[in-house]
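Visitor: whatever this is, show me its structure:
(2 chains)
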Amino acid sequence: MRTNEQGNKGLSFILLVAGIAAMVIALGLDLAGSSFALRGELLIAGIVCFFIGLYQIPSKKHHRKIVYFIFLFPLLFTFAVTVIIPLVLGIGYSFTDWTGIRFTQFVGLSNYTSMFKDPAFIWSILITFLFVVFNMILVNLIAFLLALLCTSTIKGIGFFRTAYFLPNLIGGIVLGYIWQFVFSNVLISITKTSWLSQTKMAMVAIIIVYIWQYAGYIMLIYITGLTQVPGDVLEAASIDGANGIQTLFNIKIPMIASTITICTFLTLTSAFKQFDVNMALTNGAGSVPNFMGNYLSNGTQMLALNIYNTAIAKNSYALGQAKAVLFFIILACVSLIQVRVSNKKEVEM
Amino acid sequence: MSKETKIKKWILFAVGVLIALYVLFPFYLVVMNSFKAQTSIVESPVSLAGASFHQFVENLGKVVNNSNFNFWYALLTSVVITVVSLVLLAVLGGMAAWVISRNNKKKWATAIYMVFIASMIIPFQVVMLPLISTFRDVGKFVGISMLQSIPGIVFAYCGFGGAMTVFILTGFIKGIPYELEEAAGIDGCSPEGTFFRIIFPLLKPVITTVTILNGMWIWNDYLLPSLMLGQNGKVKTLPVAVQAFVGSYVKQWDLILTAALLAIVPMIIIFMFGQKQIMTGMVEGAVK
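Guide: Okay, the predicted model is just below:
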């Protein structure tokens, strides 16, 4: 590529000009209201021409910089269009009467104030927090016990690991329906009425399904942590006469403190964002007879699902977006606090 | 081995088996009930009574060709979206990560890196609604349909997966000695040649990790495709197809469970081949 540097001057110039011209024409056609069908293809051709032209610029001095730019651009561009621009727009939209397509005026904080007057939303926040706390404790505890089991010297450890991990392969929607079947057709012979039709038990059901799906994955991370505890330390402990439980609490747990941090962080954020299982298992249904003086029909609707339903099902995009912004703020705060607290604990240990 | 520890081991083993039975039980129900008709599922959901291969074929026939599910088409769509996104993420992510880690003393590179890391905490919910309207507007403006199209969704996955991919890859590239690249430069290798011939092949293990993490997420993702492609759109990924199918057959468990089985099987097959890589990849990705 670098041998014919001189010869590329003309080509580079032509490609750059042609590329820019194609892009301008393609976008200009839109502004002119033309219905020319190959507009998109023309734009892409223009972009490609432009980048090839850029690459062919015969300058040894700047070549490295140009390559850096070409390498960085595609990912940064997709990232900006899918994450940064929607984030900025979204925060802006939450202060307007946005309908999902357009907005007519700024409404200040009224979206934010109205959602706090909505008992159903407060309920969603509360049960989400409950769900997160229960999950964080239970998933980590169960996963840790499973990891201890799978790092012991019993037979069939390989099979157990694989079996426990298996549910993690399946998407939330599919496993939500599978468990809906389990609760409403199989377990019903024990529970008489389906758990999914009783608000409290439905929450328990969601937690059970979530543990079923997630504990195997967290277990794998704990196993990695546990196997990294140096063998000579454990040996020294057993020579000093420490029993199994003492080694566990005084050596193993302190030595995998960083693993515990990772796992609590993972369970916290993923439980907080839980959507698929919630949707497929109960779709948020569940009656609450009296909450803040109101009857609620969204007894098992957690935050992520509440946001989705507000915007998509009830078509209140601005309100849904405001809820999402609040959701983001809560998630960011909770994660920061969690990281802070566990860092402190890690140092102490 | 003393008798006591032997007994202990047997108890632990029994506990392990019991848990495994519990974990695998729903899988058993799905498989077994796909071989039954609706009436025998409702009558005896746990036992084998009423299961026949003939019934399985009949269920399959009803599900696979159902206009809401369209299994083969949904499978193909999911495969195309996942594979193309993964390849693009690996290549584009590798390129971006290389540029960032080779300029890590410069302010702009640090800034980009920081933005990537910070963005990892952004929940999808906060960007999903404006994302749809942005994509609709951009699509109209440039004349390429971004919604209800495979290119659009691949584009979105590159954007959403980019941050984590760059984060993991940058950490790895920083550990590759710079002398290697200098030597290549002295030998007359261009910077882009250095990347593709020397650095990129070295990234193989970490790209495996990233691909597994992204792959598990993209394959099973429901919310993004359901919003971008629509429940009743022409293009559907497997999870969206399952949701659309179940929505149209409430409580028809013979069909729903057969559909669930079909949705699970591809992942299980992939898992059987790459079991070790998937399990270690998931852990390595999380630990980083």
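Visitor: and the residue nearest in space to the middle of chain B, how far is that from B:Ile173?
Guide: Against the mean C-alpha coordinate of chain B, by C-alpha atoms, centre = their mean, the closest residue is B:Met216 at 2.5 Å. Taking C-beta to C-beta, to the nearest Å as the measure, B:Met216 falls 23 Å from B:Ile173. (Each C-beta comes from the backbone N, C-alpha and C, glycine too.)
Visitor: the stretch 1-150 of chain A: strands as residue ranges?
Guide: Along the stretch 1-150 of chain A, counting by DSSP state E, counting those that start in this stretch, no stretch forms strands.
Visitor: pLDDT weak spots in the stretch 101-250 of chain A?
Guide: Across the stretch 101-250 of chain A, nothing is flagged by pLDDT under 70.
Visitor: which parts of it sit against chain B?
Guide: Proximity of the stretch 101-250 of chain A to chain B, by C-beta under 8 Å from any C-beta of the partner chain, involves residues A:101, A:146, A:149-150, A:152-156, A:159-175, A:177-179, A:181-182, A:185-186, A:212, A:216-217, A:220-221, A:223-224.
Visitor: packing partners of the helix or strand hosting A:Asn306?
Guide: According to DSSP states H and E, A:Asn306 maps onto helix A:303-308. Packing partners of helix A:303-308 (3 or more C-beta pairs under 8 Å, 6 or more residues apart in numbering or on different chains; DSSP states H and E): helix A:119-150, helix A:276-281, helix A:317-348, helix B:124-142.
Visitor: now do the domain split for chain B, please.
Guide: Domain assignment for chain B by automatic domain parsing gives B:3-64, B:71-248.
Visitor: wait, which of the ones you listed is closest to chain A?
Guide: domain B:71-248 (2.8 Å; C-beta to the nearest C-beta).
Visitor: B:Ala90 against B:Thr208, yeah?
Guide: No. Counting by C-beta atoms under 8 Å, B:Thr208 is not a contact partner of B:Ala90; they are 9.4 Å apart.
Visitor: comparing those two, which residue is more hemmed in?
Guide: B:Ala90 (22 against 17; other C-beta atoms under 10 Å in any protein chain shown).
Visitor: you'd agree that one is in a helix?
Guide: Yes. Assessed by DSSP: H, G, I helix; E, B strand; the rest coil, B:Ala90 belongs to a helix.
Visitor: just give me the neighbour total for the nearest residue to it once chain neighbours are set aside.
Guide: Spatial nearest neighbour of B:Ala90, excluding adjacent residues (C-beta to C-beta, 6 or more residues apart in numbering or on different chains): B:Ile207 at 5.0 Å. Burial of B:Ile207 is recorded as 22 neighbouring residues (other C-beta under 10 Å).
Visitor: same question for A:Ile245.
Guide: 8.
Visitor: how about the contacts made by B:Ser52?
Guide: Applying C-beta atoms under 8 Å, 6 or more residues apart in numbering or on different chains, we find B:Ser52 in contact with B:35-36.
Visitor: quick check: phi and psi on it?
Guide: Main-chain dihedrals, B:Ser52, degrees, to the nearest 10: phi -150, psi 150.
Visitor: now swap in B:Glu284 and tell me
Guide: Phi and psi for B:Glu284, reported as degrees, to the nearest 10, are phi -60, psi -40.
Visitor: my read: it touches B:Thr209, true?
Guide: Yes. If you go by C-beta under 8 Å, B:Glu284 and B:Thr209 touch, sitting 4.8 Å apart.
Visitor: what about these two, which has more around it?
Guide: Set side by side, B:Glu284 and B:Thr209 show more neighbours around B:Thr209, with 22 against 19, by other C-beta under 10 Å.
Visitor: so where is chain B shaky, pLDDT-wise?
Guide: Applying pLDDT under 70 to chain B flags residues B:1, B:288.
Visitor: now with 80, please.
Guide: In the predicted model, chain B carries pLDDT under 80 at residues B:1-4, B:49, B:141-144, B:231-233, B:250, B:286-288.
Visitor: right, so of the domains of chain B, which gets closest to A:Ile207?
Guide: With C-beta to C-beta as the criterion, A:Ile207 lies closest to domain B:3-64 of the domains of chain B, at 15.0 Å.
Visitor: end-to-end on the closest one?
Guide: 56 Å (C-alpha to C-alpha, to the nearest Å).
Visitor: now do it: distance to the chain's middle.
Guide: 26 Å (C-alpha atoms, centre = their mean, to the nearest Å).
Visitor: next: stretch B:143-155.
Guide: Its chain's C-alpha centre and that of stretch B:143-155 lie 19 Å apart, by C-alpha atoms, centre = their mean.
Visitor: which of the residues in that stretch are buried?
Guide: Neighbour counts over stretch B:143-155 (16 or more other C-beta atoms under 10 Å in any protein chain shown) mark B:143-144, B:146-150, B:152-155 as buried.
Visitor: give me whichever of the helices and strands packed on helix A:303-308 is most buried.
Guide: Neighbour counts (mean count of other C-beta atoms under 10 Å in any protein chain shown) averaged over each of the helices and strands packed on helix A:303-308 peak at helix A:276-281, with a mean of 25.
Visitor: show residues contacting the following helix or strand past that helix.
Guide: Per DSSP H and E, helix A:276-281 leads on to strand A:288-291 as the next helix or strand towards the C-terminus. Residues outside strand A:288-291 that contact it (C-beta under 8 Å, 6+ apart): A:119, A:122-123, A:199, A:295-299.
Visitor: mind putting those residues into a markdown table with distance to B:Gly139?
Guide: A markdown table is the format used below for the contacts of strand A:288-291 (distance: C-beta to C-beta, whole Å):
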| residue | distance to B:Gly139 |
| --- | --- |
| A:Pro119 | 39 |
| A:Ile122 | 37 |
| A:Trp123 | 37 |
| A:Thr199 | 42 |
| A:Tyr295 | 43 |
| A:Leu296 | 39 |
| A:Ser297 | 37 |
| A:Asn298 | 34 |
| A:Gly299 | 39 |
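Visitor: quick check: phi and psi on A:Cys296?
Guide: Actually, residue A:296 is Leu rather than Cys. phi -120, psi 140.
Visitor: kindly report the same for the one 4 residues further on.
Guide: Here the main-chain torsion angles of A:Thr300 (degrees, to the nearest 10) amount to phi -120, psi 20.
Visitor: quick one, what contacts it?
Guide: A:Thr300 neighbours (C-beta under 8 Å, 6+ apart): A:127, A:199, A:202-203, A:206, A:278, A:282, A:284-286.
Visitor: which one of the residues you listed is nearest to B:Met120?
Guide: Of all those, B:Met120 sits closest to A:Asn278, with 22.6 Å by C-beta to C-beta.
Visitor: so the closest one makes contact with A:Gln301?
Guide: Yes. The pair A:Asn278 / A:Gln301 is scored as a contact, 7.3 Å apart, by C-beta under 8 Å.
Visitor: common neighbours of the two, please.
Guide: A:Gly284.
Visitor: B:Ile112 and A:Leu72 touch, don't they?
Guide: Yes. With contact defined as C-beta under 8 Å, B:Ile112 and A:Leu72 form a contacting pair (7.4 Å).
Visitor: shared neighbours of those two, anything?
Guide: Joint contacts of B:Ile112 and A:Leu72 (C-beta under 8 Å, 6+ apart) are B:Ile100.
Visitor: let me know the secondary structure of the residue nearest to B:Ile132 when sequence neighbours are not counted.
Guide: Closest residue in space to B:Ile132, ignoring its immediate chain neighbours: B:Leu227 at 5.7 Å, by C-beta to C-beta, 6+ apart. At B:Leu227, secondary structure determined by three-state DSSP is helix.
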